[in-house]
Each structure stands twice: as C-alpha cells, then as structure tokens.
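>>> give me a 3D structure for the following:
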Amino acid sequence: MTITTTPRPRGEHASRPRWWRRPWVAPLGVVALTFVAFSLPPYVSLDPALSRVPSPHLWYYAVLSVHVVLGSIAMLACCLQVWPWFRQRYRRAHRIVGRVYVLAQLPAGVLALVLAWVTPFGPVAMASSLLMAPLWLGCTIAGWRMARQRRFAEHRRWMIRSFALTMSIITNRIWGLVAMVLLLPSAPAGGEEQLMQTVAGLGAWLGWTIPLLVAEWWLQRGRTARRATR
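Numbers count the residues shown, from 1 in each chain. This is a model prediction of the structure:
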C-alpha cells in the first residue's frame with residue numbers, strides 16, 4: 001500500500017517567525033525597562049524637587065510628569081509591537097497593545113510640543129523638539145490610519161518610524177553623555193550654562209535623526225531586497 005502525503009506549502013514555516021530568531025528583542029526590552037525604571041520615579045513622586053529637568057514655570061513639572069508617564073507606556077508598548085513572534089502569534093493582543101500605544105503616544109507628543117516652547121535647554125534643543133514632536137505624531141497617526149484601512153504593509157512602515165522616534169529618548173541620553181565627555185575638558189570656567197545647552201542641543205538632534213535615518217535605511221533595504229527577489 002502506498003501512502004501519499006500532501007506536501008506542505010513552501011515557506012509555511014518560514015513565514016512564522018520563531019521568538020528566538022530575533023536576538024535583538026530581549027536586549028531591547030531590557031534597555032527599555034531599565035531606562036523607564038531609572039527615569040520614571042521622579043515624575044510619579046509628585047515632588048518637583050526630584051525633577052531631573054529644571055522647571056522654568058510652576059506648571060512645567062506637572063506637564064513634564066504626564067509626558068514622561070505616557071512616554072514610558074508608549075515605549076514599553078512598542079517593544080512588544082515590533083516583536084514579530086508576538087505580533088503574529090497573538091494578533092488580538094497586538095491590536096490591544098497597539099491601541100494602548102496610540103492612546104499614550106498621541107498626548108505625549110502634544111505635550112512634547114508644549115514643553116519644547118519653554119525648554120530650559122536653549123534654542124538648539126527647542127528647535128529639535130519642535131521639529132521632532134510633529135514628526136512623531138505624524139508617523140503614529142499615519143500608521144494608525146493605515147491599520148484602519150487594512151493597509152498593513154504601509155501600517156508597519158509608518159509604525160517602525162514611530163518606534164524609532166519613541167526610542168530616540170534613549171539615544172538622546174547616550175549622545176548627550178558622549179558630548180559631555182568630549183566637551184567638558186575644554187569648557188571655560190563659568191560656562192556651565194553654555195555647556196549644558198550645547199550638550200542638550202547635540203543630544204536632542206542626534207538622538208532622533210540618527211535612529212530615524214537608520215529606520216528609513218532598514219525599510220528601504222527591505223524593499224530593495226523584495227524587488228530583487230521578485
């Protein structure tokens with residue numbers, strides 16, 4: 001007796017990413033959790049004296065605290081959203097976490113605009129924030145609209161850009177630290193405020209432009225590879 005089996009469609013397993021095949025996911029989650037654990041406490045304490053950012057106005061700490069809390073929620077949510085295994089295995093959870101991300105990110109982006117106008121870190125950092133915040137909002141809104149229209153390939157592209165801008169607060173701090181190490185030895189005496197504004201400006205611009213350019217390069221690279229395959 002001959003037993004025949006139906007061949008499994010080619011690529012069926014390949015289209016289902018395994019969780020261990022994305023080695024960057026775990027380090028990303030650890031970095032995000034560590035950053036939130038370090039950044040969040042001063043802004044849920046309701047004590048302005050604990051703020052790590054000078055408050056130029058009485059209301060500044062309250063707005064900054066809400067922005068930090070919402071931004072932290074968005075950061076942790078988008079770590080799950082960019083995990084292919086989670087996205088494909090738990091589609092309903094992916095949609096729920098996506099709504100949480102949008103509902104946290106949109107008001108956080110609006111508050112970022114408000115904070116940018118009165119930032120204590122100088123005009124260079126202000127210009128960076130005034131440009132970055134609308135881009136952050138625009139990418140998220142575009143991604144949400146694409147999902148509503150079931151244009152999921154475009155949804156994914158826009159949300160990757162939004163993810164890069166959400167996580168840019170971490171690279172902002174890294175570039176700020178690098179700038180401080182490089183500029184501090186040559187800083188003139190009594191120039192602390194100028195040094196702070198220079199470091200903040202460099203960190204602000206490099207913090208979001210480089211991740212966004214890397215995300216765009218990655219997206220274009222994937223599109224080129226798919227065209228070559230076809």
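
>>> count the residues that sit near Trp59.
Residue crowding around Trp59 was assessed by other C-beta atoms under 10 Å; the count is 11. (Glycine included, C-beta is placed from N, CA and C.)

>>> one more: Ser129?
Counted by other C-beta under 10 Å, the residues lying close to Ser129 total 21.

>>> same check on Ala200?
As a burial measure, the neighbour count of Ala200 was computed by other C-beta under 10 Å and equals 23.

>>> nearest spatial neighbour of it, chain-adjacent residues omitted?
For Ala200, ignoring the flanking residues on the chain, the nearest one in space by C-beta to C-beta, 6 or more residues apart in numbering is Phe121 at 3.6 Å.

>>> for Ala32, give its distance to Gln88.
Going from Ala32 to Gln88 by C-beta to C-beta, to the nearest Å gives 21 Å.

>>> likewise for Val53?
In this view, Val53 and Gln88 are 39 Å apart by C-beta to C-beta.

>>> same drill for these two, tell me which one is more crowded.
Applying other C-beta under 10 Å to Val53 and Gln88 shows that Val53 carries more neighbours, namely 16 against 12.

>>> how is the more buried one assigned, secondary-structure-wise?
Secondary structure state of Val53, per DSSP: H, G, I helix; E, B strand; the rest coil, is coil.

>>> can you pull the contacts of it?
Contacts for Val53 were tallied using C-beta atoms under 8 Å, 6 or more residues apart in numbering; they are Leu64, Pro120.

>>> Ile169: how many residues sit nearby?
There are 19 residues near Ile169, going by other C-beta under 10 Å.

>>> for His94, same thing?
The local packing count at His94 equals 16, with neighbours defined by other C-beta under 10 Å.

>>> can you point out the buried residues in the helix or strand of the chain with the lowest mean pLDDT?
Ranked by mean pLDDT, DSSP states H and E, the helix or strand of the chain with the weakest confidence is helix 84-89, at a mean of 84. Residues of helix 84-89 classed as buried by neighbour count (16 or more other C-beta atoms under 10 Å): Phe86, Arg87.

>>> what is that helix packed up against?
For helix 84-89, the packing partners by 3 or more C-beta pairs under 8 Å, 6 or more residues apart in numbering; DSSP states H and E come out as helix 91-117.

>>> which parts of the longest helix along the chain are buried?
Looking only at the chain and at elements set by DSSP state H, the helix with the highest residue count is helix 192-229. Applying a neighbour-count criterion of 16+ other C-beta under 10 Å, one finds 195-208, 211-212, 215, 219 buried in helix 192-229.
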